[in-house]
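*Asks:* Below is the structure, and that's it, no one-letter string:
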């Protein structure tokens, strides 16, 4: 299933979720029924120390997925075909 990022911002360069950022986290938020879901598998270079993911990585996950979830909600409730501008 196509992610919201790939559909609505294919040229996005956001470190967290930009499809065009080859060095980013590549977070993908997908609509599944009434929910927007994301999966992320941390790599060894994402850790702060063994067994603990860096807080900045966690912040980026929450930031990007939350923003795309909000954009999807606004599109759905507002009958919009694209995410609203700032």
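*Replies:* Right, received. Where do you want to start? A quick note: this is a predicted structure, and the numbers were derived from the prediction, not measured. Numbers count the residues shown, from 1 in each chain.

*Asks:* so what does the lengthiest helix in the chain touch, helix or strand wise?
*Replies:* In the chain, taking DSSP state H as the definition, the longest helix is helix 55-78. In terms of contacts (3 or more Cβ pairs under 8 Å, 6 or more residues apart in numbering; DSSP states H and E), helix 55-78 is packed against helix 4-8, strand 29-32, strand 35-38. C-beta coordinates here come from the backbone N, C-alpha and C atoms, glycine included.

*Asks:* Could you rerun that using 6 Å?
*Replies:* Secondary-structure packing of helix 55-78 (3 or more Cβ pairs under 6 Å, 6 or more residues apart in numbering; DSSP states H and E): strand 35-38.

*Asks:* ok, back up a step: which positions in the longest helix of the chain come out as buried?
*Replies:* Across helix 55-78, burial judged by 16 or more other Cβ atoms under 10 Å covers 57, 60-61, 64-65, 67-69, 71-72, 75.

*Asks:* ok, the residue lying farthest from the centre of the chain to residue 25 distance?
*Replies:* Most distant residue from the mean C-alpha position of the chain: residue 50, 24.8 Å away (Cα atoms, centre = their mean). Distance of residue 50 to residue 25, given as Cβ to Cβ, to the nearest Å: 20 Å.

*Asks:* Right, I'll call it a day here.
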